[in-house]
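Predicted model and sequence below, questions to follow.
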Amino acid sequence: MFQHYFHVVDLPLLGSRRVWLNRQPFNPWQMLGVSTIALTLWFLWPDGAANANPSDITVSLFEHNQQIAQVNLEDLEDFAYWQRLCRLQTEAQKYAEAQQACEKAIEIRPEDASIWAEHSGILLRLEQYPEAIASADLSLTYNQNNSLAFTYQCIAFYALQDDEAGLDKCNEALRVNGDWGNESPALAWRYRGRILARQGQSELALAAYERTLLLQPEDSLTLTYQCQALLALNRYQAAIASCQAALAVNRQWQSETPGLAWFYQGLAYSALEQYKAAIDAYDQSIAIAPNQADTWTQQGWVLEQWDRPVEALKSYTRAVELAPESSPALVGQCTVLNQLQRYQEALAACQQAIQADRNWRPLGPAQAWSEQAQALAGLGLFEEALAASNRAVGMRPDYARAWRNRSVVLWYLGVQQETPEQALQQFEAAASSARRSIELAPNVARTQANLGRILRSQGRLFSDVGDAEQAFSAYQSALKAYEEAIRLDGEDAGIWSNYSVVLWWLGRYDAALGATDQAIRIDQTWAQAWQNRGAVLVALGRYDAAKASYEQGILLDDQNAVAWASLGILQLRLEQVEAGRASLARALLLDPEEPLAQQALDQLSQALPEYSTLD
C-alpha cells in the first residue's frame, strides 16, 4: 500500500496561500490544482515542446501554471485549453461536459469555424439535431470550405428524415473537400450511402460505401452497411462475405455493435433458406445485443419456416415482451399459435397486431387479417373467417398465402352446408381460391395438397348423389394435385395419407397401400395413416393385417370415433361379435351420431336380436 505523508505544494491558489495536501492513495478527482497542472501539461504545451530542454520545460510549466492558478477556472480565457478539454470530454463520451467546454471556447473566439464545427458534432451526439445544423451554419459563415460542418449537417438531416437536404449537404462536403477536422471524407461517403440506401437506391449506396472503404478499409460499420445494401440487391452470398469481413476486422463500430453484422448475416442466410446458419447468426446477434426485438422476430420467422413452431413462439413472444406494440412480432406470434391450434390466443394476437404500431413488413396488414381468418375458422366461426379472408385478399391480391387460407375457410363452409348444391358452390369457390394461390406461388406443396382435398370432397359429394362421371373426374383432378404436392415435398406424411384416400376411392388399392406405407415411414405416430392403411387392407381382403392397423391407429389416438367404428365393423366381419359390439359402443360413446357405428349396430340387431340393445 501507498504510505500516507504530507507534501507541500507551492501554488498561489485562491489567495496565494501555502497549501498543505494530505497525500492519500492516488485519487485524481480530489485535487483540482493537481488536475489543472496535468491538463496544462498534456493539452496546453506549446508547439515544439517535445524538442525543448527539460529545464526550460520545467520553468515554462511553472510560469504557465502560476498564471492559470491565479484566476478562477471558470474565468479562464485560454481558447486552446477549452478546445482541447472539449475534445477530451467528447472522446470520453461526456457530451454534456464537452458542450460546456466547447461553448467556453466559443465565448473566447466566436469567429473560429473549427470550434463551431466541433460544437455541431457534440450536439449531434446529444441528438439535438436542429441545434447541430445551426452550429454548422455558423461554422460555414466563417469558413465556407468546412467539409466537416457540411457533413455534420448531412448527418443531422438524415436523423431528421430529411433525406434530400441531407444528401445535398454530404454532396457539398465532398465537392468542396476542405477542412475535415479530425474526420475524413469517409464520414460523408458513409452517410451518403445511408441516405441513398433509405431511398431504395441500393446500387448508388453500394458505390458510396465502396468509396468509404477505399479511405477506411478496416471500417466494420461501413462493411456492415455494405452487407445491408447487398441484401437489398438480393446478392446474398456477397452480403454474407461483407458481414463476415466486418466481423473479422471488428473495428470502428461507432455506436453500433457486431450484433448488427450478425443480424444482417442472418437475413442473408434466411433468404437463401439456409435456416440452420440463419438461426446460428441470430443467436450470435442476440448474445451481443439481447434486447433487439427485430432480431427475435426474424429468428422466430426462420424457426417458423423450419417447422419448429414451439421454438418460433418463444422467439416471437420475447420480441413482443421487448416491443409490445410491434405488429410484425404479434402477427408472427399469431401465425405459430395457429399452427399449434391455439386459436383463441392466435385470434387475440392478430387483433392486437392490427391495432399496434402498424410498422408492417412488405405484406402489410393483409397477413394479420389472413391469420385472423385461420384462427376464426379454427374456432368454428366460418362466416367471420370468410370476411377476414376477403379483407386480406382485398388488401393484397398478390398474397398467395391469403388465397390459400381463404380456400380452407371456403372448404369448411362447404362441409357445413345442408344441401349438395350449396356445398358444391362453396367447394367451387374454395378450388378457385386454391388455384389463385398456386398461380401466385406454384411451388408450395401445402397449397397443392389443399386443392387435392377440396377436389376429393367434390368427388365424394358427386358420388353420394349418384353422379359417377363427375365423381371420377373430380377424383382424377384430386389425384393430380396430390401428385404435384408430393413432387414438391415428398416427406410430408399428411400428403401421402390423403393421397392414399383418393387412390382408394379410385379402386387402386395396391397404390393406396404404398401411399399409406410412405406416410407411416415418414411419421409412425400418424394415427390417420394407420387408419387409412386398415381401410386399404380391408379392400384387399387382408383382414388380420387390417385389424392390426386399426388397433395401432387407436393406440395412437383412442378418441377417434371413426377408427373405433371401422375396427368394430371389421371385428364383426371376423365373427368377433362381442369385441365388435364393444368397439361400436365405444365409437358411439365418443360420437353418438357416428353413422358407421349406428348402421353396423342396426344390422347386428336385425341379424342377432339379442344384441339389439347396448349394455
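Everything's here; your move.

In terms of helices and strands, where is the residue nearest to Tyr129 when sequence neighbours are not counted?
Counting by C-beta to C-beta, 6 or more residues apart in numbering, Tyr129 lies nearest to Ala156, which is 4.2 Å off, once chain neighbours are set aside. For every residue, glycine as well, the C-beta is placed using N, CA and C. Here Ala156 sits within helix 147-159, counting by DSSP states H and E.

if you average pLDDT over that helix, what comes out?
What helix 147-159 shows for mean pLDDT is 97.

Which of the residues in it are classified as buried?
By 16 or more other C-beta atoms under 10 Å, the buried positions in helix 147-159 come out as 147-158.

Tell me which residues are up against the helix or strand just after that helix.
Using DSSP H and E, the next helix or strand after helix 147-159 towards the C-terminus is helix 163-176. The contact list for helix 163-176 (C-beta atoms under 8 Å, 6 or more residues apart in numbering) reads 144-145, 147-148, 150-151, 153-158, 185, 188-189, 191-192, 195-196, 198-199.

again, only this time at 10 Å
133, 136, 140, 143-160, 162, 180, 183, 185, 187-196, 198-199, 201, 208, 211 (C-beta atoms under 10 Å, 6 or more residues apart in numbering).

Past the helix or strand harbouring Ala545, which element shows up next along the chain?
Here Ala545 sits within helix 543-556, counting by DSSP H and E. Using DSSP H and E, the helix or strand that follows helix 543-556 towards the C-terminus is helix 561-573.

now the helices for the stretch 301-450 of the chain?
309-322, 327-339, 343-355, 366-378, 382-395, 400-416, 420-440, 445-464 (DSSP state H, counting those that start in this stretch).

could I get these as a markdown table with distance to Thr516, mean pLDDT and mean neighbour count?
Output for the helices of the stretch 301-450 of the chain, formatted as a markdown table (distance: least, C-beta to C-beta, whole Å; pLDDT from 0 to 100; neighbours: other C-beta atoms under 10 Å):
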| stretch | distance to Thr516 | mean pLDDT | mean neighbour count |
| --- | --- | --- | --- |
| helix 309-322 | 26 | 97 | 20 |
| helix 327-339 | 25 | 96 | 27 |
| helix 343-355 | 29 | 95 | 20 |
| helix 366-378 | 27 | 95 | 27 |
| helix 382-395 | 30 | 96 | 19 |
| helix 400-416 | 23 | 95 | 23 |
| helix 420-440 | 24 | 96 | 19 |
| helix 445-464 | 15 | 95 | 22 |
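
among these, which is nearest Ser605?
helix 445-464 (25.5 Å; C-beta to C-beta).

so where is the stretch 451-600 of the chain shaky, pLDDT-wise?
For the stretch 451-600 of the chain, no stretch is flagged by pLDDT under 70.

Now do the buried residues in stretch 133-150.
Within stretch 133-150, judged by 16+ other C-beta under 10 Å, the buried ones are 133-136, 138-140, 142-143, 146-150.

Ends of it, what's the gap?
9 Å (C-alpha to C-alpha, to the nearest Å).

Stretch 359-366 too?
End-to-end distance (C-alpha to C-alpha), stretch 359-366: 13 Å.

Would you mark the buried spots in it?
Buried residues in stretch 359-366 (16+ other C-beta under 10 Å): 360, 363, 365-366.

got a list of what Glu273 touches?
Contacts of Glu273 (C-beta under 10 Å, 6+ apart): 302, 305-306.

at 8 Å what do you get?
Gln305.

And Asp544, by the same measure?
Counted by C-beta under 8 Å, 6+ apart, Asp544 has contacts Leu574.

repeat that for 10 Å
Per C-beta under 10 Å, 6+ apart, neighbours of Asp544: 537, 570, 574.

Turn the residues you listed into a markdown table, including neighbour count and distance to Ala80.
Output for the contacts of Asp544, formatted as a markdown table (neighbours: other C-beta atoms under 10 Å; distance: C-beta to C-beta, whole Å):
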| residue | neighbour count | distance to Ala80 |
| --- | --- | --- |
| Leu537 | 23 | 96 |
| Leu570 | 24 | 100 |
| Leu574 | 14 | 105 |
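
Going by distance to Ile240, which of those wins?
Leu537 (51.4 Å).

what helix or strand does that closest one sit in?
Assigned by DSSP H and E, Leu537 falls in helix 527-539.

Now the residue most central in space within the chain: which helix or strand?
Compute the mean C-alpha point of the chain, and by C-alpha atoms, centre = their mean the closest residue is Gln298, 1.9 Å away. Element membership for Gln298, per DSSP H and E: helix 293-305.

what's that helix packed up against?
If you count contacts as 3 or more C-beta pairs under 10 Å, 6 or more residues apart in numbering; DSSP states H and E, helix 293-305 packs onto helix 258-271, helix 275-288, helix 309-322, helix 327-339.

which residues touch Val409?
370, 373-374, 376-377, 381-390, 426, 429-430, 433.

Am I right that Gly178 sits in a helix?
No. Assigned with DSSP: H, G, I helix; E, B strand; the rest coil, Gly178 falls outside any helix and is coil.

ok so, going back, pull out the buried residues from the helix holding Leu537.
In helix 527-539, the ones that count as buried by 16+ other C-beta under 10 Å are 527-538.

so Asp307 makes contact with Arg446?
No. Assessed by C-beta atoms under 10 Å, Asp307 is found out of contact with Arg446, at 11.1 Å.

What residues sit buried inside stretch 159-177?
Quick answer for stretch 159-177 (16+ other C-beta under 10 Å): 162, 165-170, 172-174.

Turn those residues into CSV, columns for distance to Asp78 and pLDDT.
Below are the buried residues of stretch 159-177 laid out as CSV (distance: C-beta to C-beta, whole Å; pLDDT from 0 to 100):
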residue, distance to Asp78, pLDDT
Asp162, 38, 97
Ala165, 37, 97
Gly166, 36, 97
Leu167, 40, 97
Asp168, 38, 97
Lys169, 33, 97
Cys170, 35, 97
Glu172, 34, 97
Ala173, 31, 97
Leu174, 35, 97
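
Which two of the residues you listed have the greatest separation?
Asp162 and Leu174 (18.4 Å).

surely Gly568 meets Leu589?
No. Between Gly568 and Leu589 there is no contact under C-beta under 10 Å: 11.8 Å.

Just want to know which of the two has more residues nearby.
Each of Gly568 and Leu589 has its neighbours counted (other C-beta atoms under 10 Å); Gly568 has more, 27 against 13.

wait, what's in contact with the more buried one?
With C-beta under 10 Å, 6+ apart, Gly568 has these contacts: 550, 576, 579-588, 596-597, 600-601, 604.

and if you look at Trp82?
Applying C-beta under 10 Å, 6+ apart, the residues near Trp82 are 43, 76, 100-109, 115.

Give the buried residues for the helix or strand hosting Gln599.
Secondary structure assigned from DSSP H and E places Gln599 in helix 595-607. Across helix 595-607, burial judged by 16+ other C-beta under 10 Å covers 596-598, 600-601, 604.

Would you agree Leu260 is in contact with Ser285?
Yes. Using C-beta under 10 Å, Leu260 is in contact with Ser285, at 7.6 Å.

Looking at those two, which one has more neighbours?
The residue with more neighbours, out of Leu260 and Ser285, is Ser285; 26 against 23, by other C-beta under 10 Å.

Would you mind stating the distance between that one and Leu223?
16 Å (C-beta to C-beta, to the nearest Å).

Name the SS class of Glu273, please.
coil.

distance of it from Tyr236?
10 Å.

Test my guess that Asn250 contacts Asp219.
No. Taking contacts as C-beta under 10 Å, Asn250 lies outside contact range of Asp219: 11.1 Å.

And these two? Which one has more around it.
Asp219 (22 against 11).

Got the phi and psi for the more buried one?
Here is the backbone geometry of Asp219 (degrees, to the nearest 10): phi -100, psi 100.

Distance of the closest residue to it other than its chain neighbours relative to Thr222?
Distances taken as C-beta to C-beta, 6+ apart place Gln252 nearest to Asp219, at 4.8 Å, with adjacent residues excluded. According to C-beta to C-beta, Gln252 and Thr222 sit 8 Å apart.

hey, what's in contact with both of these two?
186, 216, 246.
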